[in-house]
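Enquirer: Below: sequence and its predicted model.
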Amino acid sequence: QVQLVESGGGLVQPGGSLRLSCAASGSIFSINDMGWYRQAPGKQRELVATIASGGSTNYADSVKGRFTISRDNAKNMVYLQMNSLKPEDTAVYYCNADMTYYSGMYLRREYPYWGQGTQVTVSS
């Protein structure tokens with residue numbers, strides 16, 4: 001039906017940059033808020049940043065000034081530009097969305113709808 005697929009994770013040295021992408025595909029009717037969350041080993045999943053369909057953004061204090069979330073509504077994509085990465089940014093990063101999609105002949109809203117995650121490792 002629908003899926004969210006993240007890409008762009010990897011290994012980077014402290015101080016480096018990565019850009020994560022998340023593509024929503026399938027029988028999508030509309031997408032409202034989109035966001036990025038992360039989960040480090042042994043810790044709970046936490047908010048990184050969210051962006052509304054109109055473009056307003058929200059960031060966790062720990063990433064303000066270093067990370068930038070953006071989206072392309074025409075392509076159903078959301079991005080996370082991560083600069084000045086620190087070892088404590090190491091985690092699996094998950095994309096989510098407030099998504100309404102066609103399920104057979106019906107519309108179904110699901111929030112949050114999660115991607116499968118992409119690993120980000122910050123290490124020298």
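Expert: Perfect, I can see it now.

Enquirer: any idea how far the residue of the chain positioned farthest from its centre lies from S25?
Expert: Within the chain, M105 marks the point farthest from the mean C-alpha position, 28.8 Å out by CA atoms, centre = their mean. In this view, M105 and S25 are 20 Å apart by CB to CB, to the nearest Å. The way it works is simple: take the backbone N, C-alpha and C, and place the C-beta from them, glycine included.

Enquirer: next one: M82
Expert: 23 Å.

Enquirer: Give the bridge partners for L11, please.
Expert: When bridges are called by DSSP bridges, L11 pairs up with T121.

Enquirer: tally of neighbours for it?
Expert: Residues near L11, counting by other CB atoms under 10 Å, number 12.

Enquirer: go on, the one 5 residues further on?
Expert: Burial of G16, expressed as a neighbour count using other CB under 10 Å, amounts to 14.

Enquirer: Which residues are in contact with it?
Expert: Residues near G16 by CB atoms under 8 Å, 6 or more residues apart in numbering: L85, V122.

Enquirer: Under a three-state scheme, what state does it occupy?
Expert: coil (DSSP: H, G, I helix; E, B strand; the rest coil).
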